[in-house]
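J.: Pasting the sequence and the predicted coordinates here, then a few questions.
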Amino acid sequence: MATYVSDLKGLSAPLSADLHYDMADPYAIRLSIGVPMERPVDWVFARELLAEGLHRPTGSGDVVVMPWHHPHPDSLRVVLRNRSGTALVEMAASEVATFLRRTFVLVPDGAESHHVDLDRAISELTGTSG
């Protein structure tokens, strides 16, 4: 998926951006942004945030998603913030909608808890095994 990333100071560059979904983490999606042949920067945030952002501005803090109709009517903007700065990612809303439809076929909305391995999650949080 092609996208434009800006640092909100007017500097922008075309970069590749890939959305990923893993049924082992059914509530989340991963947005990987980068230049070919280099290690991408990954952002992980709620699948529901991305879905809602197709229709109305949503999110606060590190990730904000909003439909955007200027200059392209089929745009979606994702604002990413961390201590290093802020980036603005613009993607084709139709491509994001297609991606999301595929994720909801894999794990329907409301069925995410059936795909979570609670024992593994607790082990990862506590640093224990078994």
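T.: Noted; the coordinates are in hand. Numbers count the residues shown, from 1 in each chain.
J.: what residues are up against residue 51?
T.: Shown in contact with residue 51 (CB atoms under 8 Å, 6 or more residues apart in numbering): residue 100. For every residue, glycine as well, the C-beta is placed using N, CA and C.
J.: tell me what the helix or strand hosting residue 104 is packed against?
T.: According to DSSP states H and E, residue 104 maps onto helix 93-106. Judged by 3 or more CB pairs under 8 Å, 6 or more residues apart in numbering; DSSP states H and E, the packing partners of helix 93-106 are helix 47-53, strand 75-82.
J.: Swap in 10 Å and give it another go.
T.: Secondary structure elements in contact with helix 93-106, counted by 3 or more CB pairs under 10 Å, 6 or more residues apart in numbering; DSSP states H and E, are strand 12-20, strand 28-34, helix 47-53, strand 63-68, strand 75-82.
J.: need these in JSON lines with distance to residue 126 and mean pLDDT, can you?
T.: Converted to JSON lines, these look like this (distance: least, CB to CB, whole Å; pLDDT from 0 to 100):
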{"stretch": "strand 12-20", "distance to residue 126": "26", "mean pLDDT": "80"}
{"stretch": "strand 28-34", "distance to residue 126": "20", "mean pLDDT": "90"}
{"stretch": "helix 47-53", "distance to residue 126": "25", "mean pLDDT": "96"}
{"stretch": "strand 63-68", "distance to residue 126": "27", "mean pLDDT": "94"}
{"stretch": "strand 75-82", "distance to residue 126": "26", "mean pLDDT": "91"}
